[in-house]
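*Asks:* Got a predicted model here, sequence first, then my questions.
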Number of protein chains: 2
Amino acid sequence: MTATGFAARIADDRRAVEERLAVVLPRADEEPVSLHGAMRYATVAGGKRIRAILCLAGHRLCGDPHREAALDAGCAIECLHAYTLIHDDLPALDNDDIRRGKPSCHKAYGEAVAVLAGDALLTLAFEILARCGVPAEPVLESVRILSRAAGSRYLVGGQVADLEGEGLEPTEERVRFIHCRKTAELIGASLSIGAALAGAERKKVLEIHGIGRSAGLAFQIIDDILDIEGSAERAGKALRKDAKRKKITYPAHFGIGVSRETAGRLIADGVRAMEALGDDGYVGHIFSLIVARSS
Amino acid sequence: MTATGFAARIADDRRAVEERLAVVLPRADEEPVSLHGAMRYATVAGGKRIRAILCLAGHRLCGDPHREAALDAGCAIECLHAYTLIHDDLPALDNDDIRRGKPSCHKAYGEAVAVLAGDALLTLAFEILARCGVPAEPVLESVRILSRAAGSRYLVGGQVADLEGEGLEPTEERVRFIHCRKTAELIGASLSIGAALAGAERKKVLEIHGIGRSAGLAFQIIDDILDIEGSAERAGKALRKDAKRKKITYPAHFGIGVSRETAGRLIADGVRAMEALGDDGYVGHIFSLIVARSS
């Protein structure tokens, strides 16, 4: 398939995710309306849906037997991702007022509702996943993958290390600890949950997870570079924050040139590894977009 | 069995929960140590473990085939309960400095780590449950029960309604909306998850859930009465907060006498309903302690 064909497939998948998200999230007029409004505000309309698209791609790679379930799983991961953004933006954490071009959740709904909307989205992620309707064992395996990736040893642990690293010297060990946990693991989980729901054997699921993790590391490296070089307007959030807060980032330790090279190499390796697993080029195409993106 | 026998069983179950919690929680010296320290601080040592004990009791009622799994599920529910306390105590929410007789989590670890420790405990609850090792379908059913009870339509929705109700007139409708959601549903879920993991049929699981929900309502009513009449020292937290914040509570609407009567009636009905399901008196005994407690 050509790049244009892949781009159309991504657009289709993204549209499907948007449509399904609007259905699986509670209606905004359901009581308490502030909570349900905040949950939708932070989740619907906005975001690249990279994680959901990767979940669908991982599922397609393994035969695409339960597309509706993979779509629900992708929505679950987007709800979980939205929760991390809400809590990250809180005054006690990164204190960001703008997210996806709009006031961040606590600016729009107040801090209490923002905390609780994040909590509810995290909980909803597991509820959507647990109800996605495939045989129980692959679903349960997906719950295991997601809860591990999102827990204190990965995602949340990375966020704490990121916060506590502010002002510390950006050693290679610290950079890797933070990046691998904060972002990479959930990207790996997105791909491998799609594969698990397709009934792929455990060995393949783990391989796909590892490849996705490396691509996720590249994703975070590019994010850090865009925080330095990018356009705030295009990003829909404040930039140059990392330097201001003395965050530990890849470019802060390795410089922009080496960081971009590392990201490029991780992605090139990932594209090849996915091909070896039978990728028709689609997952590779999504990976390439990760390094090519400008927001 | 006599009341003394039941009391010994409760003590045994509680000890088993404490021991298992210490194992399933990440070690406090695992990086990031602040996060893992905060998670243990908020969960280990302290709390009546009512929810975990009910989970074990619900499981015992249905034959006790996978006691280890029910113990893990009980620990998962205690982790989830601990997260709700951490987030509830945050300055933006109830702003409580004391919990279980110690500084609340954000007082001991700072607000950022407290938010994230709560997030990690909620996530860990699903991870522990998903790994509890019983056949996949009952485990998945337990994940469904827990995620529903803890989500925006129940627990979190009740917390938002509780916060937003401050200062509003305590109508019967509002009181019920808040109590049934904030507390009752998770108590029902604790019992029914134990039953589900025992492989009980769906109809029985739902019945047990409903009975537990009513007992949970009684539990919250007594909590509200103790906030008025209790001893802060014994409770291990500040009291008389509801009146100060003009919270919507049962006694605020119905008065203490009627509230105590209602709680007593709910528990008496619950004890009888559990007997009809084959309870040897143990669940009934736990229910009775709910109304008899002084902290």
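*Replies:* It's in. Residues are numbered from 1 along each chain as shown, chains lettered A, B, ... in the order given.

*Asks:* contacting residues for the closest residue to A:Ala22 other than its chain neighbours?
*Replies:* Using C-beta to C-beta, 6 or more residues apart in numbering or on different chains and skipping the chain neighbours, the partner closest in space to A:Ala22 is A:Val44 (5.9 Å). C-beta coordinates here come from the backbone N, C-alpha and C atoms, glycine included. For A:Val44, the contact set (C-beta atoms under 8 Å, 6 or more residues apart in numbering or on different chains) comprises A:18, A:21-22, A:25.

*Asks:* now do A:Leu116
*Replies:* Contact criterion C-beta under 8 Å, 6+ apart gives A:35, B:87, B:93, B:156, B:159-160 as the residues in contact with A:Leu116.

*Asks:* I'd guessed A:Asp96 sits against A:Asp88; true?
*Replies:* Yes: checked against C-beta atoms under 8 Å, the pair A:Asp96 and A:Asp88 is within contact range at 7.3 Å.

*Asks:* What average pLDDT does stretch A:216-233 get?
*Replies:* The average pLDDT within stretch A:216-233 is 88.

*Asks:* Could you report the neighbour count for A:Lys244?
*Replies:* The criterion is other C-beta atoms under 10 Å in any protein chain shown. On that basis, A:Lys244 has 11 neighbouring residues.

*Asks:* typo on my end, it should be A:Glu201
*Replies:* A:Glu201 has 11 neighbours, counted by other C-beta under 10 Å.

*Asks:* ok, now A:Arg100?
*Replies:* 17.

*Asks:* Would you check that my belief about it contacting A:Lys48 is correct?
*Replies:* No: the pair A:Arg100 / A:Lys48 is not scored as a contact, 9.9 Å apart, by C-beta under 8 Å.

*Asks:* B:Arg202: which of the contacts of A:Leu116 is nearest?
*Replies:* Top of the list for closeness to B:Arg202, among the contacts of A:Leu116 and by C-beta to C-beta, is B:Val156 at 25.3 Å.

*Asks:* Centre-most residue in chain A?
*Replies:* The centre of chain A sits closest to A:Arg51, judged by C-alpha atoms, centre = their mean, with a distance of 4.6 Å.

*Asks:* from memory that residue sits against A:Ile187, does it?
*Replies:* Yes: under the criterion of C-beta under 8 Å, A:Arg51 lies in contact with A:Ile187, with a separation of 6.7 Å.

*Asks:* how close does A:Ala130 sit to chain B?
*Replies:* Distance of A:Ala130 to chain B, given as C-beta to the nearest C-beta, to the nearest Å: 4 Å.

*Asks:* low pLDDT regions in the stretch 151-295 of chain A?
*Replies:* A:232-234, A:295 (pLDDT under 70).

*Asks:* Would you mark the buried spots in stretch A:265-275?
*Replies:* Burial within stretch A:265-275, assessed by neighbour count using 16 or more other C-beta atoms under 10 Å in any protein chain shown, is assigned to A:266-267, A:270-271, A:273-274.

*Asks:* Tabulate the CA atom coordinates of that stretch in CSV.
*Replies:* Output of stretch A:265-275 as CSV, limited to C-alpha atoms (Å, rounded to 0.1, in the frame of the first residue of the first chain):
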residue,chain,number,x,y,z
ARG,A,265,17.5,5.0,14.6
LEU,A,266,15.0,3.6,17.1
ILE,A,267,12.2,4.1,14.6
ALA,A,268,14.2,2.6,11.7
ASP,A,269,14.9,-0.5,13.8
GLY,A,270,11.3,-0.6,14.9
VAL,A,271,10.0,-0.5,11.3
ARG,A,272,12.3,-3.4,10.3
ALA,A,273,11.3,-5.4,13.4
MET,A,274,7.6,-5.0,12.6
GLU,A,275,8.2,-6.0,9.0
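
*Asks:* Give me the contact list for that stretch.
*Replies:* Residues outside stretch A:265-275 that contact it (C-beta under 8 Å, 6+ apart) are A:61, A:207-208, A:211-212, A:214-215, A:217-218, A:221, A:279, A:281, A:283-284, A:287-288, A:290-291.

*Asks:* Contact partners for A:Ala215?
*Replies:* Residues counted as contacts of A:Ala215 (C-beta under 8 Å, 6+ apart) are A:187-188, A:266-267, A:270, A:287, A:290.

*Asks:* at 6 Å instead, please
*Replies:* Contact analysis of A:Ala215 by C-beta atoms under 6 Å, 6 or more residues apart in numbering or on different chains lists A:270, A:287.

*Asks:* Mind listing what's buried along the helix or strand hosting it?
*Replies:* If you go by DSSP states H and E, A:Ala215 is part of helix A:202-229. Residues of helix A:202-229 classed as buried by neighbour count (16+ other C-beta under 10 Å): A:204-209, A:211-227.

*Asks:* do stretch A:7-27 as well
*Replies:* By 16+ other C-beta under 10 Å, the buried positions in stretch A:7-27 come out as A:9-10, A:13-14, A:16-18, A:20-21, A:24-26.

*Asks:* okay if I get those as JSON lines plus distance to chain B and pLDDT?
*Replies:* Shown next, in JSON lines, are those (distance: C-beta to the nearest C-beta, whole Å; pLDDT from 0 to 100):
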{"residue": "A:Arg9", "distance to chain B": "31", "pLDDT": "96"}
{"residue": "A:Ile10", "distance to chain B": "29", "pLDDT": "96"}
{"residue": "A:Asp13", "distance to chain B": "25", "pLDDT": "97"}
{"residue": "A:Arg14", "distance to chain B": "25", "pLDDT": "96"}
{"residue": "A:Ala16", "distance to chain B": "23", "pLDDT": "97"}
{"residue": "A:Val17", "distance to chain B": "20", "pLDDT": "97"}
{"residue": "A:Glu18", "distance to chain B": "20", "pLDDT": "97"}
{"residue": "A:Arg20", "distance to chain B": "18", "pLDDT": "97"}
{"residue": "A:Leu21", "distance to chain B": "15", "pLDDT": "97"}
{"residue": "A:Val24", "distance to chain B": "12", "pLDDT": "98"}
{"residue": "A:Leu25", "distance to chain B": "9", "pLDDT": "98"}
{"residue": "A:Pro26", "distance to chain B": "6", "pLDDT": "98"}
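
*Asks:* Narrow those to those in helices?
*Replies:* With DSSP state H as the criterion, helices contain A:9-10, A:13-14, A:16-18, A:20-21, A:24 from among those.

*Asks:* what's the most distant pair in these?
*Replies:* Pairwise distances across those (C-beta to C-beta) peak at 21.9 Å, for the pair A:Arg9 and A:Val24.

*Asks:* Just to check, A:Ala117 is in contact with A:Arg40?
*Replies:* No: in this structure A:Ala117 lies outside contact range of A:Arg40 using C-beta atoms under 6 Å: 9.2 Å.

*Asks:* Can you pick out the residue with more neighbours from the two?
*Replies:* In this view A:Ala117 and A:Arg40 are compared by other C-beta under 10 Å, and A:Ala117 has more residues nearby, 30 against 19.
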